[in-house]
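K.L.:
sharing a model that was predicted from the sequence below.
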Amino acid sequence: MNEVLLAVIAGFIVGVLFSAIKLPIPAPPVLPGVMGIVGVYVGGVAYQWIVERFFT
């Protein structure tokens with residue numbers, strides 16, 4: 001939970017700084033960005049499951 005809070009705070013600070021200096025926010029569009037993160041997470045979990053299931 002502490003890591004999540006720190007990540008949200010860091011993201012907020014970066015968003016404020018980028019907006020203050022008139023740069024585009026360094027984030028992908030909302031839905032594609034979220035789906036990309038979900039895909040990376042699911043891929044990592046699937047890899048661990050496959051390795052544990054078939055190679056140990």
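P.N.:
Received, thanks.

K.L.:
alpha carbons only for contacts and neighbour counts from here, please
P.N.:
Will do.

K.L.:
residue with max distance from the center of this protein?
P.N.:
Thr56 (29.5 Å; C-alpha atoms, centre = their mean).

K.L.:
against Val34, how distant is that one?
P.N.:
32 Å (C-alpha to C-alpha, to the nearest Å).

K.L.:
same question for the longest helix along the chain, mean pLDDT?
P.N.:
Ranked by residue count under DSSP state H, the longest helix found in the chain is helix 30-54. Mean pLDDT, computed over helix 30-54, is 90.

K.L.:
who touches it?
P.N.:
The contact list for helix 30-54 (C-alpha atoms under 8 Å, 6 or more residues apart in numbering) reads Ala27.

K.L.:
in which helix or strand does Lys22 reside?
P.N.:
Using DSSP states H and E, Lys22 maps to neither a helix nor a strand.

K.L.:
pLDDT at it, what is it?
P.N.:
92.

K.L.:
how close does it sit to Gly15?
P.N.:
Lys22 is 11 Å from Gly15, by C-alpha to C-alpha.

K.L.:
about what we covered before: buried sites along the longest helix of the chain?
P.N.:
For helix 30-54, the neighbour count (16 or more other C-alpha atoms under 10 Å) marks no residue as buried.

K.L.:
okay, which residue is most central for the protein?
P.N.:
Ile37 (5.0 Å).

K.L.:
roughly how far does that one sit from Ile25?
P.N.:
17 Å.
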